[in-house]
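Trainee: I need the structure of the sequence given here:
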Amino acid sequence: MSEEQEFINADEVAKWLGINRKTVYDSANRGEMPCRKLGRRMLFSRRAILKWFEASDSVVESEA
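Mentor: The predicted structure follows:
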């Protein structure tokens, strides 16, 4: 089993979360999704994304 990279790009975040790349960029640019900018490049910490996702208050619960 290979060790996963700690920092990933927007394409990898989109694939990992199963969302569109544009959604990743839009969320990051609005400051909703944690990221680091290096010049024009955005990098995302897997750990920060997991914490952000787990703390998200946008959870939709199904009605039983």
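
Trainee: relative to residue 8, how far out is residue 15?
Mentor: 9 Å (Cβ to Cβ, to the nearest Å). Bear in mind the C-beta positions are built from the backbone N, C-alpha and C, glycine included.

Trainee: any low-confidence regions in this structure?
Mentor: Applying pLDDT under 70 to the chain picks out residues 1-3, 58-64.

Trainee: what about the strands in it?
Mentor: 7-8, 36-38, 41-45 (DSSP state E).

Trainee: can you list the strands that the longest one pairs with?
Mentor: If you go by DSSP bridges, strand 41-45 pairs up with strand 7-8 (antiparallel), strand 36-38 (antiparallel).

Trainee: tell me who's in contact with the closest residue to residue 52 other than its chain neighbours.
Mentor: Closest residue in space to residue 52, ignoring its immediate chain neighbours: residue 34 at 5.3 Å, by Cβ to Cβ, 6 or more residues apart in numbering. When contacts are counted by Cβ atoms under 8 Å, 6 or more residues apart in numbering, residue 34 is found next to 28, 44-45, 48-49, 51-52.

Trainee: try it again at 10 Å.
Mentor: Residues in contact with residue 34 (Cβ atoms under 10 Å, 6 or more residues apart in numbering) are 27-28, 44-45, 47-49, 51-53.

Trainee: quick one, which of the residues you listed are buried?
Mentor: 27-28, 44-45, 49, 52 (16 or more other Cβ atoms under 10 Å).

Trainee: report the two of these separated the most.
Mentor: Put simply, by Cβ to Cβ the two of the buried ones among the contacts of residue 34 set farthest apart are 27 and 45, 14.5 Å from each other.

Trainee: circling back to that earlier point, between residue 15 and residue 8, which one's more packed in?
Mentor: residue 8 (18 against 12; other Cβ atoms under 10 Å).

Trainee: how many other residues sit next to residue 35?
Mentor: With other Cβ under 10 Å as criterion, residue 35 counts 24.

Trainee: distance of it relative to residue 42?
Mentor: 5 Å.

Trainee: of the strands paired with strand 41-45, flag the one that's most buried.
Mentor: Stretch with highest mean neighbour count among the strands paired with strand 41-45: strand 7-8 (a mean of 16; mean count of other Cβ atoms under 10 Å).
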